[in-house]
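> Please work out how this folds:
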Amino acid sequence: MKDPTSLQQSPPSHWIRYLISTETLWTAPLLVLSFATLIRFAVALNPYSGYNTPPIYGDYEAQRHWMEITTHLPLNQWYRYELQWWGLDYPPLTAYHSWLCGKIGGFIQSDWFALDQSRGYESPESKFFMRATVFLSELLIYIPAVFVFCQVVYGSQGYLKKVIPAHVSAILILLQPALIMVDHGHFQYNCVMLGFSLWAILGLLSRHYLLGAITFCMALAFKQMALYYAPVIFAFLLGRCFTEDKGLFLFIKLGITVTATFALLFLPWLKDMNEIGQLVHRIFPVARGLYEDKVANVWCTLNVFLKLKQILSLDSTVKLSLAATLCAVIPISIHLGIYSSRRRFIYALVNSSLAFFLFSFQVHEKSILLPLLPVSLLVLEEPVATNIMINTAMFSMFPLLKRESLVLPYFAITILWNWLSGIHNIEGLTSRFMVWGNHATFILWYVLESYVQPPGHLPDLYTVINAIFSCGVFGLLFSYFLYRQFTLVPQKKDSKIKSQ
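Here you go, the predicted structure:
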């Protein structure tokens, strides 16, 4: 990455500067982890998706129900049992994770996951257990990856030049508000998939290609949305096979590694093609349509002006979204494969995941977490773009989080991250205009949405405006990050992957 001494960023807030001062330097990782943990548990005290809202509840009940069915039913029933009640629709590693959590929880209190009898189960004790499983999963997989990434990126510098930006970036990445709100507020386990993805990124950057391939397979086997990164990771590894010594041998090893990893993870279902077909059908729900809710992507925005659902058949929308996504992703991947560098790799990950979010089929608002991971890794490299991206992502999820009574933690954690990132110290008239203009638009929308009723015939007016504006900002950021990827001037240390 860029030399930390030349990063185009104003100093972080005084709180971080004290945290990483030379007098307290040795305690910085512990303080960063402690503060990140405190924020997560504070958010976890609030309601979750589906809290006290029968009859179907929400994502919390979905995760709890998966723990219920995986601990009581044979594997061949996991993707078939009671599909109308939050049927399992993530790949096998999610199912294994649910099984492990369910076994531990069932040992503590069997009522939490009693088959068919525990639907909608809510108690303070079970809520604490469920919240704890999210934090422990993140602590074991995602958080270590963040600390290691920050050390790897700045590891070529002198001691103080290395640790100061490493700790600054670590706390800003760990306090990235969207992931905290979705996993510890709304309730999901995106941290596991993103953690495996980050370990894969680390493996590729450090030339541990097999480790990178294995951990990325695990990310895909936990949540299929990791496909957002797949074209870029494939292009990067393929490029290495052409430029590394013994590239053909590397290609063979990668092929065997990927095949063996997926075979092990999917082994219980490989014995029967019907079981494989059912698993694929559940993981890729084409029948749901182009989108389910008002998402800040191209299709939802276009639908406001051109009713795609009425004009095109389901098969046509699948082909349209696939063609648009491929047209956006293929040039990004080819360019990276030919002109590989460590910095360009991160930009390509941003661009690939943003392209999928904007153009692909069946996008959820929470899928913005995929582009946010590589964007967060650029928090010191691209402070202004990162600030705009993270704040717009939070803004785009506000309607979802408001429905779940998470407004207070939403504003608290967003303001906290902006303060820590040094938004008040941003220099340059253009940068200030972009950042504060964006925030002014958000504030105006918040005020209108809270105090001005929409017309009776347009009950979703503010949600639609939110989606359209957010999509426009994401589109501009996509153009910017494309420009950065394709015009990046390699630095001396970026000229060869081997030297990194």
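
> Could you verify my assumption that Thr301 touches Ile468?
Yes: at 5.2 Å, Thr301 counts as touching Ile468 under the criterion of CB atoms under 8 Å. Every C-beta, even on glycine, is put in place using the N, C-alpha and C of the backbone.

> who has more neighbours, these two?
Thr301 (22 against 16; other CB atoms under 10 Å).

> Could you check the pLDDT of that one?
Listed pLDDT for Thr301 reads 90.

> Grab the nearest non-local neighbour of it.
Cys471 (4.5 Å; CB to CB, 6 or more residues apart in numbering).

> how close does the one you found get to Gly422?
28 Å (CB to CB, to the nearest Å).

> now swap in Lys294 and tell me
Counting by CB to CB, the gap from Lys294 to Gly422 is 33 Å.

> Which strands and helices lie in contact with the strand or helix carrying Phe433?
Counting by DSSP states H and E, the element that carries Phe433 is helix 429-451. Judged by 3 or more CB pairs under 8 Å, 6 or more residues apart in numbering; DSSP states H and E, helix 429-451 is in contact with helix 383-396, helix 461-487.

> Next, the buried residues of it.
Within helix 429-451, the residues scored as buried using 16 or more other CB atoms under 10 Å are 431, 434-435, 438-439, 442, 445, 449.

> Let me see the confidence value for the residue nearest the centre of the chain.
Per CA atoms, centre = their mean, the C-alpha nearest to the average position across the chain is that of Leu369, at 2.8 Å. Looking at Leu369, its pLDDT reads 97.

> With Arg240 instead?
pLDDT, Arg240: 91.

> State the distance from it to Pro165.
27 Å.

> which one of the two has more residues nearby?
Under the criterion of other CB under 10 Å, the comparison of Arg240 against Pro165 puts Pro165 first, with 25 against 19.

> thinking that one is in contact with Tyr154, fair?
Yes: counting by CB under 8 Å, Pro165 does reach Tyr154; the two are 5.3 Å apart.

> hang on, the earlier thing: so how far is the helix holding Phe433 from its chain's centroid?
Relative to its chain's centre, helix 429-451 lies at 24 Å (CA atoms, centre = their mean, to the nearest Å).

> Equivalent analysis for stretch 386-401, please.
13 Å.

> just stretch 267-274 next, same as before
The answer for stretch 267-274 is 30 Å, by CA atoms, centre = their mean.

> Compute the first-to-last residue distance for it.
14 Å (CA to CA, to the nearest Å).

> Give me the contacts around it.
75-76, 92, 263, 275-276, 279 (CB atoms under 8 Å, 6 or more residues apart in numbering).

> and it, average pLDDT?
89.

> List the buried residues of that stretch.
268-269.

> swap in stretch 299-314?
For stretch 299-314, by 16+ other CB under 10 Å, it's 299-301, 303, 308.

> Just the pLDDT at the nearest residue to Phe469 once chain neighbours are set aside, thanks.
Distances taken as CB to CB, 6+ apart place Thr441 nearest to Phe469, at 6.7 Å, with adjacent residues excluded. Looking at Thr441, its pLDDT reads 96.

> For the protein, give me the ranges with low pLDDT.
Scanning the chain for pLDDT under 70 picks out the ranges 1-26, 155-163, 287-289, 291-292, 424, 490-500.
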